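Chemist: build me a model from this:
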Amino acid sequence: MPPSQQNALDKQQKQFERKLARQKQLEAMEAAAGGSVRAIVPSSNDTMRSSSGLKGGPGSGRKQMWDENDDSEYGTPPAPQMFGSTPPPNPEGRHMLVASKDSSSSSNKSNDEGGGGFLGNMFGRLGASGRNPEDNDYNHNMMQSDAGSLEHMDDEFLEEDVELNGRRKHRRNKSTVKKASHAVSGRLEGFQVWFKSTWNTHCSSRRMSVCFMSTLLIVIFLLFVDDVVEIYQNRRSGGAPEGAASSGKKSVKTDMVRFNQARSVILISRFSSEKDLDAADTPQNKALNWIVTWDPASLPTDHDMLVQRYALAVFFFSTYDASEQVEEHEDTQDPNELVQQGKGWTNTENWMTAKGICMWAGISCMPHLRNGVEEYQYNENNAVMFFNLTNNNIKGTIPHEIAALEDLTTFDLSKNHLHGSVPFELGNLKNAVDIYLVANQLTGSIPSSLGSCVKLRNLYMGSNQITGHIPLELMALQELRALGLDDNKLAGTLPNSIANLKKLMVLYLDGNDFSGTIPHLLAALTDLIDLRLRKNSFIGNIPAQFASMSKLELLYLDNNLLSGSIPDIFSKLGRLGELQLYKNLLTGSLPESLGLLDDLKVLYLDSNLLTGSIPPSFGNLDDLTTFYAYKNKLTGPIPSTIALMEDLRDLRLYENKLSGALPTEIGSCFKLATLYLEDNAFTGPLPEQMGKLEKLANVRIYGNQFTGTVPDSVCKLTQQYQTGVLEFFAADVPKVVASHALAATNASNQIRRRFTKINTQFSVI
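Modeler: Numbers count the residues shown, from 1 in each chain. Have a look, this model is predicted:
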């Protein structure tokens with residue numbers, strides 16, 4: 001071979017060996033840093049299958065393989081080629097780190113060329129590696145005999161570097177979950193072995209101070225490299241909470257790979273925004289951290305129910321944690337510490353535990369067959385169907401992540417202390433049938449998105465502080481049976497499109513500030529059973545079209561500004577059980593058809609401008625228990641047909657212009673307990689038959705023109721004689737019999753205008 005070609009090949013060989021030495025030096029340093037140094041003893045079982053060598057398994061690096069047929073202690077190296085012989089392995093069989101004989105020559109390379117010098121060999125490839133390699137302390141033998149083979153081997157090393165870099169990057173991510181103590185001890189152990197080899201190779205007496213200072217800096221760097229890497233990954237991920245590694249009195253490291261995977265799954269679901277997830281101390285951030293770090297169930301990030309479990313955790317942190325934060329653990333992410341304090345919800349059974357969400361209090365899931373019987377609560381994570389935490393002392397807000405419970409049919413949070421607005425995302429519950437949010441402190445408007453819940457049958461949001469109008473979108477809910485928006489701050493007029501709710505059976509709009517007239521199109525709701533429009537500002541007449549609502553059982557129109565006469569429509573409302581028209585501006589006489597309501601139990605007509613007499617047909621109201629017609633302008637006597645009202649308990653007709661004698665038939669109302677007839681124009685004596693009313697407790701008949709005396713039978717109704725329960729009696733009489741009513745010493749000549757019972761005894765006042 002010509003000398004020029006031989007020199008070229010020698011030069012290429014030296015360059016390759018220097019490059020290999022640099023790589024080995026770097027990998028040795030990284031092995032020391034990672035605390036996972038493993039010395040290599042060549043094995044006779046390792047066999048080279050090609051002249052360019054084989055790749056080892058993960059973490060093994062490239063190894064020199066000997067002939068498996070050699071029977072020496074380590075085998076005989078392959079026959080030397082034209083590049084000269086390769087030194088045999090360590091004859092003593094010691095476990096050593098890689099230290100190439102040519103490393104000294106490579107260390108003489110200038111720093112300007114990159115990677116030169118002691119520190120250059122240390123850090124030349126630090127940014128591109130993170131894997132813990134292992135290798136021999138001998139050189140690789142060159143198996144090819146031309147320059148092309150050297151180039152081929154260089155290419156193979158580059159390909160292997162790409163693969164190793166991928167593995168190193170994965171291993172670096174994985175190392176963040178190791179305990180700090182293991183990491184530090186591993187580094188020190190590896191560094192001790194690495195230091196002996198490197199110091200002898202690179203440090204001389206002339207460069208002792210430089211080596212010492214460089215080594216000291218490297219040691220400091222290795223001690224803190226994991227923390228630096230973790231901080232960088234946290235910032236880059238944008239989602240790791242600051243308290244992820246330290247929470248309250250506990251210290252738990254967050255698995256960043258799992259954290260990022262869970263975060264991606266949640267963001268892809270679009271139930272939480274990136275802003276909410278990444279902001280510190282938000283319920284979303286706390287729930288994500290709990291799912292990743294604290295959840296004892298530790299669901300895989302690809303689990304179908306991970307998002308639903310996360311959504312329930314968000315609800316917990318939005319209501320329990322936010323409302324009853326434990327002062328001693330304000331930074332804690334573990335909800336068990338909050339639950340153990342006994343504050344917050346009334347019932348937290350199984351919440352935030354390893355149990356499946358189908359076992360959490362108030363949660364029921366898709367039916368599960370067990371022994372042929374459907375179960376809705378069982379220890380699994382399945383699709384939530386029922387969410388019922390009524391009267392559970394829940395405070396805070398309803399998070400929009402509740403929409404992640406896509407199979408939810410019943411959502412009931414009534415009688416709690418929730419505030420804030422009703423989330424717009426609630427309209428994404430396409431399978432919702434029942435939504436109950438009654439008796440909270442919710443504000444804001446009714447979300448129009450609820451019009452998308454096409455399966456909705458019951459919507460109750462009463463007793464809150466909701467403002468605005470009724471969204472027209474709700475009028476598209478063809479399956480709606482009940483709409484309860486009572487006792488809020490709603491205003492405006494009722495839309496005519498409310499007539500589209502053909503299947504509506506219950507309509508509660510009372511206790512708001514609605515105005516305008518009552519739409520006569522309401523009469524199109526022929527399935528309506530319960531209609532409550534009381535305590536608003538409605539004006540105009542009571543629609544006569546209400547006669548078509550033949551199924552109506554309760555009609556509350558009181559406390560409005562309604563005027564005109566009461567329509568004579570009750571012959572067609574045979575099921576009516578309660579009619580409340582009090583505190584309006586109604587005029588005219590009482591319709592005769594009211595006497596046809598066989599099922600009527602409560603009749604409130606008081607505080608209007610009604611005139612005329614009480615129709616005798618009222619005697620047919622044999623189920624009537626309460627009849628209020630006070631503060632009107634009624635005239636005439638009480639009809640004798642009152643004797644037919646066998647269930648009457650409360651009769652109040654005061655402040656009218658009624659006249660005539662009190663009918664003796666009143667003694668047939670055996671259940672009568674309250675009788676208020678004051679400030680009328682009644683005349684004549686009090687009927688003796690009143691003494692038969694053994695349940696009579698309160699009587700006010702003053703302000704009339706009664707004559708005679710109070711019958712002894714009435715006096716005996718007092719508790720003093722144990723024949724009745726009479727507690728209060730007030731009347732105007734010209735003379736009082738003293739035998740039972742007055743003290744014997746001075747009562748016989750006393751004449752007073754009024755007397756009342758005090759401590760179960762009659763006294764003159």
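
Chemist: tell me who's in contact with residue 639.
Modeler: For residue 639, the contacting residues are 613, 614, 615, 616, 618, 619, 663, by C-beta atoms under 8 Å, 6 or more residues apart in numbering. All C-beta spots, glycine's among them, are computed from the backbone N, C-alpha and C.

Chemist: ok, of those, which come out buried?
Modeler: Among the contacts of residue 639, those that count as buried by neighbour count (16 or more other C-beta atoms under 10 Å) are 614, 615, 618, 619, 663.

Chemist: next, give me the two most distant ones among those residues.
Modeler: Taking C-beta to C-beta as the measure, the buried ones among the contacts of residue 639 reach their widest spread between 615 and 663, a distance of 14.9 Å.

Chemist: could you pull up phi and psi at the spatially closest residue to residue 711 that is not a sequence neighbour?
Modeler: Closest residue to residue 711 apart from its sequence neighbours, by C-beta to C-beta, 6 or more residues apart in numbering: residue 688 at 4.9 Å. For residue 688, the backbone dihedrals are phi -60, psi -30 (criterion: degrees, to the nearest 10).

Chemist: how near is residue 688 to residue 650?
Modeler: Residue 688 sits at a distance of 23 Å from residue 650 (criterion: C-beta to C-beta, to the nearest Å).

Chemist: just residue 617 next, same as before
Modeler: From residue 617 over to residue 650 (counting by C-beta to C-beta), the distance is 20 Å.

Chemist: now do residue 638
Modeler: Distance of residue 638 to residue 650, computed by C-beta to C-beta: 15 Å.

Chemist: go on, residue 623?
Modeler: The span separating residue 623 from residue 650 equals 14 Å under the rule C-beta to C-beta.

Chemist: by mean pLDDT, which helix or strand of the chain comes out lowest?
Modeler: Taking mean pLDDT, DSSP states H and E as the measure, the helix or strand of the chain with the lowest value is strand 761-764, at a mean of 34.

Chemist: pLDDT below threshold where in the chain?
Modeler: Per-residue confidence for the chain (pLDDT under 70) gives these ranges: 1-9, 11, 15, 22, 25-215, 219-253, 321-343, 719-724, 734-765.

Chemist: can you show me the helices along it?
Modeler: In chain order, the chain shows helices spanning 3-34, 103-107, 117-123, 147-175, 180-202, 208-237, 256-269, 274-278, 283-289, 306-316, 322-323, 335-340, 712-715, with DSSP state H as the criterion.

Chemist: how near is residue 555 to residue 650?
Modeler: Residue 555 sits at a distance of 19 Å from residue 650 (criterion: C-beta to C-beta).

Chemist: burial measure for residue 405, as a count.
Modeler: 26 (other C-beta atoms under 10 Å).

Chemist: and the spatially closest residue to it that is not a sequence neighbour, what does it touch?
Modeler: Nearest residue to residue 405 in three dimensions, chain neighbours excluded: residue 384, at 4.6 Å (C-beta to C-beta, 6+ apart). Contacts of residue 384 were listed using C-beta under 8 Å, 6+ apart, and they are 308, 312, 357, 358, 363, 364, 365, 405, 407, 408.

Chemist: how much space between residue 384 and residue 268?
Modeler: For residue 384, the distance to residue 268 - C-beta to C-beta - is 20 Å.

Chemist: of the contacts of residue 639, closest to residue 446?
Modeler: Using C-beta to C-beta, the shortest approach to residue 446 within the contacts of residue 639 belongs to residue 618, at 41.6 Å.

Chemist: what's the closest one in contact with, if anything?
Modeler: By C-beta under 8 Å, 6+ apart, the residues touching residue 618 are 590, 594, 595, 624, 627, 639, 641, 642, 645.

Chemist: separation between the closest residue in space to the first one that isn't next to it in sequence and residue 525?
Modeler: Right, residue 590. The shortest distance from residue 590 to any residue that is not its chain neighbour, by C-beta to C-beta, 6+ apart, is 5.8 Å, and that residue is residue 615. According to C-beta to C-beta, residue 615 stands 29 Å off from residue 525.

Chemist: and what of residue 488?
Modeler: With distances defined as C-beta to C-beta, the gap from residue 488 to residue 525 amounts to 21 Å.

Chemist: what does residue 311 give?
Modeler: The span separating residue 311 from residue 525 equals 36 Å under the rule C-beta to C-beta.

Chemist: between the two, who's got more neighbours?
Modeler: Between residue 311 and residue 525, residue 311 has the larger neighbour count (other C-beta under 10 Å), namely 27 against 23.

Chemist: the more buried one and residue 405 touch, don't they?
Modeler: Yes: taking contact to mean C-beta atoms under 8 Å, the distance of 6.1 Å between residue 311 and residue 405 places them in contact.

Chemist: which residues are in contact with the residue lying closest to residue 587 once chain neighbours are set aside?
Modeler: For residue 587, the nearest residue in space outside its immediate sequence neighbours is residue 609; the separation is 4.7 Å by C-beta to C-beta, 6+ apart. Residues in contact with residue 609 (C-beta under 8 Å, 6+ apart) are 585, 586, 587, 632, 633.

Chemist: again with residue 672
Modeler: By C-beta under 8 Å, 6+ apart, the contact set of residue 672 is 648, 649, 650, 651, 666, 693, 695, 696.

Chemist: for residue 679, state which of these is nearest.
Modeler: Of the contacts of residue 672, the one sitting nearest to residue 679 (C-beta to C-beta) turns out to be residue 651, at 14.8 Å.

Chemist: pull the number of nearby residues for residue 489.
Modeler: Under the neighbour criterion other C-beta under 10 Å, residue 489 is assigned a count of 13.
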